[in-house]
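Undergrad: Fold the following, please.
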Amino acid sequence: MASNSIKLLAPDVHRSLAELVAKRLGLRLTDADLKRDPTGEVSFSIGESVRDQDIYIIMQIGSGVVNDRVLELLIMINACKTASARRITAVIPNFPYARQDRKDKSRAPITAKLMADMLTTAGCDHVITMDLHASQIQGFFDIPVDNLYAEPSVVRYIKENVNWKEAAIISPDAGGAKRAATLADRLDLNFALIHKERARANEVSRMVLVGDVTNKICIIVDDMADTCGTLGKAAEVLLDHGAKSVIAIVTHGVLSGKAIENINNSKLDKVVCTNTVPFEEKMKSCSKLDVVDVSSVLAESIRRLHNGESISYLFKHYPL
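TA: Numbering: from 1, shown residues only. All right, here's what the predicted structure looks like:
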């Protein structure tokens, strides 16, 4: 790819995904310096001219430091805007606050909308993300948003690493039924659903399996794994109903709180996450974790966007 009108930017922390994207595109990451002073304030400077360039800021946002990463992203966008960049695209594979997409109780904020407003105000012209928790978040923006899907990468992983013809696709709740059913149709596999009955808010009293999983390798699919408590309970239910083994494949492995402890103590054979969220350190303390690399999907979306090509091809196909 010609590099005379495109620049890739990433913070010094959690830049592994950005480096993979840059390598795929045959580019280098632009020199930049982001640091904090003793009071915690962020300072940022770009080490080379970005005037009239297309800027792609690749930001992995993990658990625990979400607000820090968000502020760094806003500052980086604004720095590019004031340096006369032609177009600024924020590549945010795991969109922060995506679960706060509606007023679920009175006097509650719609923080996903606030995120959209802040990105636009900072100077962002385009957003690339992956597997939004709620696709209607795209409507919160007044700028274009490309919501990529991890499904082609997941299909590729399943075909290469699982005896998939003996498998069944499982949704851990009703909300993810459409995602799981689409994947099951694509692989021509059976689909089952786990219904959660709650005694009170945030407390699952019982899980009910809808579907047959006897002698099947069960593949639980979801968009996000947080504490992984639900995944562990779902694995027990599936094994109690005759499943041969259980693995979980999720797009965003947030893995907060006691997630690693829950995975290690669970009956899950494996928990597979894409690298939209950095979790390299957590893999050292959990042998059940595995990764699906989506850098090629992000790199191809950047190439297509820069060249004015259609991105919809990536919704169903893995880039060559």
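Undergrad: contacting residues around residue 100?
TA: With C-beta atoms under 8 Å, 6 or more residues apart in numbering as the criterion, the residues that contact residue 100 are 108, 109, 110, 111, 112. Using the backbone N, CA and C atoms, a C-beta is placed for each residue, glycine as well.
Undergrad: should've said residue 154
TA: By C-beta under 8 Å, 6+ apart, the contact set of residue 154 is 183, 221, 249, 251, 292.
Undergrad: Let me know the helix or strand that it is in.
TA: Per DSSP states H and E: residue 154 is located in helix 151-161.
Undergrad: Residue 142: how many residues sit nearby?
TA: 8 (other C-beta atoms under 10 Å).
Undergrad: isn't it right up against residue 120?
TA: Yes - with contact defined as C-beta atoms under 8 Å, residue 142 reaches residue 120; the gap is 5.9 Å.
Undergrad: just the CA coordinates of the longest strand along the chain, formatted as CSV?
TA: For the chain, the longest strand by residue count, based on DSSP state E, is strand 190-200. Only the C-alpha atoms of strand 190-200 are listed here, as CSV (Å, rounded to 0.1, in the frame of the first residue of the first chain):
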residue,chain,number,x,y,z
ASN,A,190,-27.7,-27.7,15.0
PHE,A,191,-28.5,-24.7,17.3
ALA,A,192,-29.5,-24.7,21.0
LEU,A,193,-30.3,-22.0,23.4
ILE,A,194,-29.8,-21.6,27.2
HIS,A,195,-32.6,-19.7,28.9
LYS,A,196,-31.7,-18.0,32.2
GLU,A,197,-34.3,-17.7,34.9
ARG,A,198,-33.6,-15.0,37.5
ALA,A,199,-34.8,-15.0,41.0
ARG,A,200,-33.7,-11.3,41.3
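Undergrad: Quick check: neighbours of it in the sheet, parallel or antiparallel?
TA: strand 167-171 (parallel), strand 203-210 (antiparallel) (DSSP bridges).
Undergrad: out of the ones you listed, nearest to residue 270?
TA: strand 167-171 (12.7 Å; C-beta to C-beta).
Undergrad: The next helix or strand after the closest one packs against which elements?
TA: Sequence-wise, the next helix or strand downstream of strand 167-171 (DSSP H and E) is helix 177-187. In this structure, helix 177-187 makes packing contacts with helix 151-161, strand 167-171, strand 190-200, strand 217-225, judged by 3 or more C-beta pairs under 8 Å, 6 or more residues apart in numbering; DSSP states H and E.
Undergrad: repeat that for 6 Å
TA: strand 167-171, strand 190-200 (3 or more C-beta pairs under 6 Å, 6 or more residues apart in numbering; DSSP states H and E).
Undergrad: Report how many residues lie close to residue 102.
TA: Applying other C-beta under 10 Å, we find 12 other residues in the vicinity of residue 102.
Undergrad: again with residue 136
TA: 10.
Undergrad: Buried residues, the lengthiest helix in the chain. List them.
TA: If you go by DSSP state H, the chain has its longest helix at helix 66-82. Under the neighbour-count criterion of 16 or more other C-beta atoms under 10 Å, helix 66-82 has 69, 70, 72, 73, 74, 75, 76, 77, 78, 79, 80, 81 buried.
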